[in-house]
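A.B. asks: I'd like to go over a predicted model; first the sequence, then the structure.
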Amino acid sequence: MLFGRKNKNPIKIADKGVVEWKYATCGYCSTGCSIEVGIDKKGEAVASRGVADADVNRGKLCIKGIYEHELFRKTRGRGNKPLIRENRWDEFQETNWDTALSKTADEIKRIQQQYGRDAFSIVSTGQIMTEEFYTLGKLARGVIGTNNYDGNTTLCMSSAVSGYKRSFGSDGPPGCYEDFEHTECLLAFGSNLPEQHPIIYWRLMDVREKHNFPLIVIDPRVTMFAQQADMHLAINPGTDLVLLNALAHVILAEKLHKPEYIEAYTQGYQEFAELVAQYDPVTASKICGIDEDTIRNVARVFAKAGAAMSIWTMGINQSTHGSDGVAAINNLHLITGNLGKPGAASLSITGQCNAMGTREWSSCSGLPGYRSLENEQDRKEISEFWGVDPEFFPKERGMFMTDILPAIETGEVKGLWLIATNPMTSMANTARIRKTLEKLEFLVVQDAYQDVETNQYSHVFLPAAIWAEKEGCFTNTERRVNIIRNVCEPYGESKTDLWIFNQMAKQFERGQNVIFPESAEGVFEELKTLSKGRMLDYSGMSYEKIEQSRGIQWPCNEEQSPQGTQRLYTDGVFQTASGKANLLALPFIDNNERPDKDYPFWLNTGRVVEHFHTRTRTGKVANGNKFSPTPYMEMNPDAAAELNIQHGTYARLSSRRGDAIVMVQLTQRVAKDTVFVPFHFHECVNRLALGLLDPHSRQPAYKQSAVHIERIENQQDAAQKNAMARSY
Ligand SMILES: Nc1nc2c(c(=O)[nH]1)N[C@H]1C(S)=C(S)[C@@H](COP(=O)(O)OP(=O)(O)OC[C@H]3O[C@@H](n4cnc5c(=O)[nH]c(N)nc54)[C@H](O)[C@@H]3O)O[C@H]1N2
Ligand SMILES: Nc1nc2c(c(=O)[nH]1)N[C@H]1C(S)=C(S)[C@@H](COP(=O)(O)OP(=O)(O)OC[C@H]3O[C@@H](n4cnc5c(=O)[nH]c(N)nc54)[C@H](O)[C@@H]3O)O[C@H]1N2
Ligand code: SF4
Ligand SMILES: [Mo]
């Protein structure tokens, strides 16, 4: 050997004493990585590793997944016993499950009797198992019977759902990760893949090493993803719709569209073409901040590619025109025939590990299996299947999460059950959310962690088991249903969400007549039956087959697609009445709060790789806190110099809603008139954010509001206030 020391120490991987590896799917983001958790001879989870033959992650995991087993051992803040109190200002008392469940059921009944069925509301999540979602849906729609039942996916995916429905007649992301291998052009809107979906990013970069295709990132911020792009379009906040209409304008004006595809598979062309005719690149460039040549160039690259693909995440969805933005991306794909073939998809990158599962099976926006309350046949089918009176179902969906909270303010909603969501940190304008929660006659919080901020306002706390303390399925971004095996026992006296829903059903008279299978697999078999022959067909799957295949993409049925399906709409038949997709005319309306003299900066909010959401988990496990310990703001050095603000000092941000103290990180990543603050910390950015709602999806525009920035003289005092925002 020529180089190196003679007796080189071999690299040793620490021996954790694993005696068995158990299969699961990562419980953080929607990439859907297959993970194995190592159990030692004491039965404790001691290691995590990626599954080598899983197509999604091919052995890899990101910084969060690699430490996932720590969730079971670092139990600080976990809920052990149910808690109860008469008033929210009293101390909690520990109680037993019988008391906690019957108290909750009694309050639900009281509120419904006194104020009407819909005065009790249920808000869930994108982070429990599909089987749990389905069971909760049955409980909410078939037993408790409230129409004000929704999930935190309204904060996250509802613009994508709404846009897909408006364009294609149904929800359901049409593409898959394998499309990267076939595409010749990729547009990425408002998505910071390397930090938020690191393994999807790795899949993409792996392909780009073999065949390079133009990667165009549209984001006001120079994200890590933007830095890897061939072109970065630093768009003005909240103006993607203008850019998208202008791209369509160029494609039509230069006759780069596919008239045969448009004729055969779409409707609404005339109105659409008239609208985009108004969005010439010169006019558009003045609004969206992307110069006219770049707009033309991108339009040509996209339209001339043999197969072109778009992905997007919260930069599009969290906007006052989120649903329109999604539909406008779909428009681009429809006019160029870029759907249903390899490398050509408009693929919404989902967020939470099971955001798709709730869209498919929770009944939040309707009935299970992409059925709707508005459809009489759907109501009939489900009522017969569940054994409930069809008249018990409402004939149209009730409020979204973002309307339920204001309905508490106005007194329409009196009681609330929160399941695996923490609005005191994650909803905009938290001062208002606090007042709202305080107004509730009854709040029950069902969470794995009892130190979750929202629990400060509850009357009952139900401690839930977490992730692989349970069994069940998640669906990822590419419609892949994957399984989580029960790796270890629930912590303390916490119980699986499935068990809690089943026990709750027993508390109601109506619940005695409806069958609730006890095991997750039993529920899975039931929802499989309901899926047969539908777009989201699960009927060809089984727990065993899912584990063996490392996940299966729906539709999957025994006869046509026993191994699952990579792409939707390959036959050009859409889920609308006519079977044709809708080209939609989408005028841009500028209704955001904008920077002005008093509040001169745009406030952009989002995420960092080290943390997951409100940090109930990543605030406690792994290296997350070490690398990202404190609430901070990215600020442009030129802007900071004008305000005499230095790197590493604390500054005060204020908006029309509230204020927050953040540490300043000077960086050219943000433009001079913009700052970026991650939303993970309590008492921080959502004190400031406005969160105007999209008219179709009711999703908040978390990424556009206006703030004022001040230098702080007393840095010591500021440091203390900043520390309050990281209570873990
Ligand atoms: N590490 C980590 N990973 C996660 C999560 C997490 O909390 N932590 N959460 C998961 C969840 S639930 C979600 S929803 C996803 C979110 O994943 P992403 O959407 O990728 O993450 P964000 O940081 O919220 O926002 C993405 C980008 O939108 C940009 N943006 C802001 N305004 C605009 C605009 O007007 N137009 C455009 N085009 N872009 C804009 C922001 O600058 C930001 O870079 O991540 C998932 N993965
Ligand atoms: N300013 C700003 N705000 C935002 C966003 C933004 O970009 N900017 N993004 C929005 C988006 S996309 C999202 S998805 C939301 C997320 O907002 P939240 O849903 O409020 O965030 P989480 O911290 O993920 O909350 C999930 C809760 O579920 C608990 N939990 C985890 N697993 C289980 C389980 O198996 N069972 C039970 N019962 N509980 C469990 C966790 O402890 C945690 O308290 O935030 C939104 N808020
Ligand atoms: S990329 Fe997402 S699913 Fe994969 S390990 Fe990381 S957090 Fe988990
Ligand atoms: Mo999300």
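C.D. replies: Good, I have the coordinates. These figures come from a predicted structure and were not determined experimentally. Ligands and ions are numbered 1, 2, ... in the order given.

A.B. asks: residues in contact with the residue in the stretch 601-728 of the chain that ligand 4 sits nearest to?
C.D. replies: With distances taken as CB to the ion, the stretch 601-728 of the chain approaches ligand 4 most closely at H613, which sits 7.6 Å away. C-betas here are computed from N, CA, C, even on glycine. With contact set as CB atoms under 8 Å, 6 or more residues apart in numbering, H613 has these partners: N422, T425, S426, R607, F679, H680.

A.B. asks: now do T95
C.D. replies: Contacts for T95 (CB under 8 Å, 6+ apart) come out as K81, P82, L83, I84.

A.B. asks: Quickly find the element holding A407.
C.D. replies: A407 is part of helix 401-409, with elements assigned from DSSP states H and E.

A.B. asks: Centre of the chain to that helix, how far?
C.D. replies: Helix 401-409 sits 20 Å away from the centroid of its parent chain (CA atoms, centre = their mean, to the nearest Å).

A.B. asks: Identify the residues contacting it?
C.D. replies: Counting by CB under 8 Å, 6+ apart, 121, 123, 148, 150-152, 154-155, 399, 413-414, 416, 423, 427, 432-433, 435-437, 439-440, 691, 693, 698-700 sit against helix 401-409.

A.B. asks: Give me the distance between the residue lying closest to A308 once chain neighbours are set aside and K109.
C.D. replies: Of all residues beyond its chain neighbours, the one nearest A308 is C185 (4.2 Å), with distances taken as CB to CB, 6 or more residues apart in numbering. For C185, the distance to K109 under the criterion CB to CB, to the nearest Å works out to 57 Å.

A.B. asks: For stretch 195-205, buried residues please.
C.D. replies: Along stretch 195-205, these residues count as buried under the neighbour rule (16 or more other CB atoms under 10 Å): E195, Q196, H197, P198, I199, I200, Y201, W202, R203, L204.

A.B. asks: Show me which pair in the residues you listed is furthest apart.
C.D. replies: In terms of CB to CB, the buried residues of stretch 195-205 reach their longest pairwise distance at E195 and R203, which sit 15.2 Å apart.

A.B. asks: Near ligand 1, which residues of the stretch 51-200 of the chain are found?
C.D. replies: When proximity is defined as CB under 6 Å from any ligand atom, the stretch 51-200 of the chain approaches ligand 1 at C156, F189, G190, S191, N192, E195, Q196, H197.

A.B. asks: same deal with the stretch 601-728 of the chain?
C.D. replies: Within reach of ligand 1 by CB under 6 Å from any ligand atom, the stretch 601-728 of the chain has these residues: N604, G606, R607, V609, H611, F612, H613, K703.

A.B. asks: Then the stretch 201-350 of the chain?
C.D. replies: So the stretch 201-350 of the chain meets ligand 1 at I218, D219, P220, R221, T223, I235, P237, G238, D240, T313, M314, G315 (CB under 6 Å from any ligand atom).

A.B. asks: before we move on, back to that, closest to ligand 2 out of the contacts of T95?
C.D. replies: The shortest separation between ligand 2 and any of these is 12.5 Å, and it belongs to P82 (by CB to the nearest ligand atom).

A.B. asks: Identify the residues contacting the residue nearest the centre of the chain.
C.D. replies: With distances taken as CA atoms, centre = their mean, the residue of the chain nearest its centroid is G351 (3.1 Å). Applying CB under 8 Å, 6+ apart to G351 gives the contacts C29, S30, G126, C156, M157, T313, M314.

A.B. asks: one more time with 10 Å
C.D. replies: With contacts taken as CB atoms under 10 Å, 6 or more residues apart in numbering, G351 has the following neighbours: 29-30, 126-127, 152-153, 155-157, 160, 196-197, 313-314, 317, 477, 607, 613.

A.B. asks: Which members of the residues you listed are classed as buried?
C.D. replies: 29-30, 126-127, 152-153, 155-157, 160, 196-197, 313-314, 317, 477, 607, 613.

A.B. asks: Return the subset of the residues you listed lying in helices.
C.D. replies: For the buried ones among the contacts of G351, the ones inside helices are A160, Q196, M314, N317, with DSSP state H as the criterion.

A.B. asks: Just list the residues touching the first one, thanks.
C.D. replies: Counting by CB under 10 Å, 6+ apart, A160 makes contact with 153, 171, 173, 312-314, 316-317, 322-323, 325-326, 329, 346-351, 355, 359, 697, 699.

A.B. asks: Contact partners for the closest residue to it other than its chain neighbours?
C.D. replies: The shortest distance from A160 to any residue other than its chain neighbours is 3.9 Å, reached at S348 (CB to CB, 6+ apart). S348 makes contact with 30, 157, 159-161, 163-164, 171-175, 191, 310-313, 316-317, 326, 329-330, 355-356, 477 under the criterion CB under 10 Å, 6+ apart.

A.B. asks: Bridged to S348, which residues?
C.D. replies: Listed by DSSP bridges, the beta-bridge partners for S348 are W312.

A.B. asks: measure it to P173 for me?
C.D. replies: 5 Å.

A.B. asks: got it, and A355?
C.D. replies: 11 Å.

A.B. asks: cool, V514 as well?
C.D. replies: Relative to P173, and taking CB to CB, V514 is found at 32 Å.
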